[in-house]
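Visitor: Just to be clear, the model below is a prediction. Sequence and coordinates:
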Amino acid sequence: MKKTDRPSILDMVRQTKMFTSAEVDVAMELVDVYLNEKKQRDYILAVAENDQKEAVGYVCYGPTPATEGTFDLYWIVVSPKHQNKGIGKELLKYVENAVLSEGGRLLIIETSSQEKYVPTRNFYLNNQYKVAAQIKDFYKAGDDRIIYVKYHY
């Protein structure tokens, strides 16, 4: 990811209509940390580009603090006009390969139980992630946190 990708990332996060304004703010805060704090090692970001070298998707992941070999996938977003073309799967595979190359053994992904996240949850299941936990009413009443895991040995 480069600084010139920032506006495209902001647009795609907003255009998905999946995230609250607070969540958009968090996503962009992590983008800014990655772009502006070169010594930080908590957040790793990468983009998928189209043939015109424009960002059409991105991921944010990193090692889970105080663990050995555990990583979190914080964000995976594909521009709505580029969805259902395999870009999300490519980004996920990119993260999995990067985690493996860093000696990672476990990748954790969290998402919401809201109805609009059914395709997201199916995406994780279709990529061999398993539900490890569900925390009732985590985000708000009626909105559970669902935690997916995939072990890499």
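Guide: Yes, it's here. Numbering: from 1, shown residues only.

Visitor: switch to C-alpha atoms for all contacts and neighbour counts from now on
Guide: OK.

Visitor: Show me the helices in the chain, by range?
Guide: Taking DSSP state H as the criterion, the chain contains helices spanning 6-15, 21-36, 87-101, 118-126.

Visitor: how about the CA coordinates for the second one, as PDB?
Guide: Put plainly, it is helix 21-36. Only the C-alpha atoms of helix 21-36 are listed here, as PDB (Å, rounded to 0.1, in the frame of the first residue of the first chain):
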ATOM      1  CA  SER A  21     -18.900   5.700  10.300                       C
ATOM      2  CA  ALA A  22     -17.000   4.800  13.500                       C
ATOM      3  CA  GLU A  23     -15.800   1.600  11.700                       C
ATOM      4  CA  VAL A  24     -14.700   3.600   8.700                       C
ATOM      5  CA  ASP A  25     -12.800   5.900  11.000                       C
ATOM      6  CA  VAL A  26     -11.000   2.800  12.600                       C
ATOM      7  CA  ALA A  27     -10.200   1.400   9.100                       C
ATOM      8  CA  MET A  28      -8.600   4.700   8.100                       C
ATOM      9  CA  GLU A  29      -6.800   5.100  11.400                       C
ATOM     10  CA  LEU A  30      -5.100   1.800  10.700                       C
ATOM     11  CA  VAL A  31      -4.300   2.800   7.100                       C
ATOM     12  CA  ASP A  32      -2.700   6.000   8.500                       C
ATOM     13  CA  VAL A  33      -0.700   4.100  11.100                       C
ATOM     14  CA  TYR A  34       0.700   1.900   8.400                       C
ATOM     15  CA  LEU A  35       1.500   4.700   6.000                       C
ATOM     16  CA  ASN A  36       2.900   7.200   8.500                       C
END
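
Visitor: Have a look at the chain and report its longest strand.
Guide: strand 130-140 (DSSP state E).

Visitor: Just the residues contacting that strand, thanks.
Guide: Strand 130-140 is contacted by residues 112, 124, 142-150 when judged by CA atoms under 8 Å, 6 or more residues apart in numbering.

Visitor: what would these look like in a markdown table with neighbour count, pLDDT and distance to N97?
Guide: Output for the contacts of strand 130-140, formatted as a markdown table (neighbours: other CA atoms under 10 Å; pLDDT from 0 to 100; distance: CA to CA, whole Å):
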| residue | neighbour count | pLDDT | distance to N97 |
| --- | --- | --- | --- |
| S112 | 20 | 97 | 25 |
| Y124 | 19 | 98 | 16 |
| G142 | 11 | 97 | 35 |
| D143 | 16 | 97 | 31 |
| D144 | 17 | 98 | 29 |
| R145 | 19 | 98 | 26 |
| I146 | 18 | 98 | 23 |
| I147 | 18 | 98 | 20 |
| Y148 | 20 | 98 | 17 |
| V149 | 20 | 98 | 15 |
| K150 | 18 | 97 | 12 |
